[in-house]
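**Q** sharing a sequence plus its predicted fold:
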Amino acid sequence: MSKLNRLLGNPEEVTIKGEIFKIYPLKVKHMNLFKEGMTREEQIKSSYEIIRESLQDKEITDEEIDNIDLDSFTKLMDAINKINGFAEDERINRIREAQKKAFEAGAK
């Protein structure tokens with residue numbers, strides 16, 4: 001094994017409304033999920049994929065994500081951002097706000 005193997009992120013547990021979720025850090029291969037200038041549709045798809053990859057559950061459906069209440073969605077995305085070191089980055093705050101708006105628009 002190379003030295004890079006030691007740089008693999010470890011998951012963290014977060015509790016949202018009494019449910020425990022294991023959040024896994026995203027990897028370099030997921031950077032395309034954060035590109036700027038995405039359409040609203042691309043932002044929604046990106047949010048769904050970020051959740052799936054962070055929970056490492058490919059079985060999560062778009063419908064399940066659509067039905068998460070906005071407070072829980074925000075807490076989940078905040079936990080994902082924190083484990084990936086994005087919590088204080090202004091660019092990520094803009095992405096988070098865009099994801100929230102896209103999610104709100106998609107849920108209507």
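**A** Done, it's in.
**Q** what stretches of the protein score poorly on pLDDT?
**A** 1, 87-92, 107-108 (pLDDT under 70).
**Q** biggest helix in it by residues?
**A** In the chain, assigned by DSSP state H, the helix with the most residues is helix 90-107.
**Q** quick one: the residue nearest to Ala105 when sequence neighbours are not counted and His30, what's the gap?
**A** In space, Ala105 comes closest to Arg40 once its chain neighbours are excluded; the distance is 6.0 Å by Cβ to Cβ, 6 or more residues apart in numbering. Placement of C-beta: from N, CA and C, glycine included. Distance from Arg40 to His30, counting by Cβ to Cβ, to the nearest Å: 20 Å.
**Q** what segments of the chain are helices?
**A** 40-55, 62-66, 70-83, 90-107.
**Q** and the residue nearest the centre of the chain, what does it touch?
**A** Centroid-nearest residue in the chain, with Cα atoms, centre = their mean: Ile50, separated by 3.9 Å. Residues near Ile50 by Cβ atoms under 8 Å, 6 or more residues apart in numbering: Leu26, His30, Leu33, Met77, Ile80, Gln99.
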